[in-house]
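S.K.: here's a sequence, model it:
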Amino acid sequence: SPASTAVTVNALPSGSLTAAETSGTANNDNVICAGATVTFTATTGFSNYNFKVGGNSVQTGTSNTYITPSLTNGASVTVDVSNTNCTTTFGPVIISVKTLPIASIISQKNITCSSGNDGAIKIMASGGTGSYQFSVNNGGSTYTTGSNSNPYTFTDLYANIQYKIRVIDNNGCESPAIVP
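M.R.: Numbering: from 1, shown residues only. So this is what the prediction gives:
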């Protein structure tokens, strides 16, 4: 009678890789503004996770989460997961990274009297995508938003206030603040 041998076949790991982000015009759409943080999460329950960006390993270990603020446009993120000598890949998740708009001061009018509010700042936007919104913040959390005309002039500005100027583009990407 022939001898029999028991063979154990381990199933390939199954699961998924997801991306979470709150950048741009819609959350979790895999479209972000440059420098935005993205959290990648793979299905739990595996002994090892090897996250890769563009095929290059960026994090290996037991964590099923990879967080990064440094993706480039078209970044392809995958994760190799292993369990009981079996390895498979989840992904890819492709991230579209949009460039930030840039705000520049092209002219400013100083206040004529220390208690006055006749100051003005003319802002030019470049970079980014599409039409722009112009914002001036006087240190609080509220913005005065200008129209989509480029350049845009903020008027009625007061003396002795530190204003922060920002530009937001069609993708919801915001320029770094500039202070006149």
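
S.K.: distance of Thr89 relative to Ala75?
M.R.: For Thr89, the distance to Ala75 equals 16 Å [Cβ to Cβ, to the nearest Å]. Just so you know, the C-beta spots here come from the backbone N, C-alpha and C atoms, and that holds for glycine as well.

S.K.: if you could redo that for Thr68, that was the one I meant.
M.R.: To Ala75, Thr68 is 9 Å away according to Cβ to Cβ.

S.K.: can you pull the residues that touch both of those two?
M.R.: Common contacts of Thr68 and Ala75 (Cβ atoms under 8 Å, 6 or more residues apart in numbering): Val53.

S.K.: CA atoms only: put the host helix or strand of Lys122 into CSV for me.
M.R.: Per DSSP states H and E: Lys122 is located in strand 119-127. The C-alpha trace of strand 119-127 is given here as CSV (Å, rounded to 0.1, in the frame of the first residue of the first chain):
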residue,chain,number,x,y,z
GLY,A,119,-4.4,100.6,4.5
ALA,A,120,-4.5,98.3,1.5
ILE,A,121,-2.6,95.2,0.3
LYS,A,122,-2.7,94.0,-3.4
ILE,A,123,-2.1,90.3,-3.7
MET,A,124,-1.2,88.2,-6.8
ALA,A,125,-1.7,84.5,-6.9
SER,A,126,0.3,82.0,-9.0
GLY,A,127,0.7,78.2,-9.2
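
S.K.: partner strands of it and their direction?
M.R.: Each strand paired with strand 119-127, and its direction, by DSSP bridges: strand 101-109 (antiparallel), strand 152-157 (antiparallel).

S.K.: pretty sure Asn48 contacts Gln59?
M.R.: No. The criterion here is Cβ atoms under 8 Å, and Asn48 misses it with Gln59 at 11.1 Å.

S.K.: in the chain, which spans are strands?
M.R.: Shown for the chain, the strands assigned by DSSP state E span residues 17-20, 31-33, 38-42, 48-53, 56-61, 65-68, 75-83, 86-98, 101-109, 119-127, 133-137, 144-145, 152-157, 164-168.
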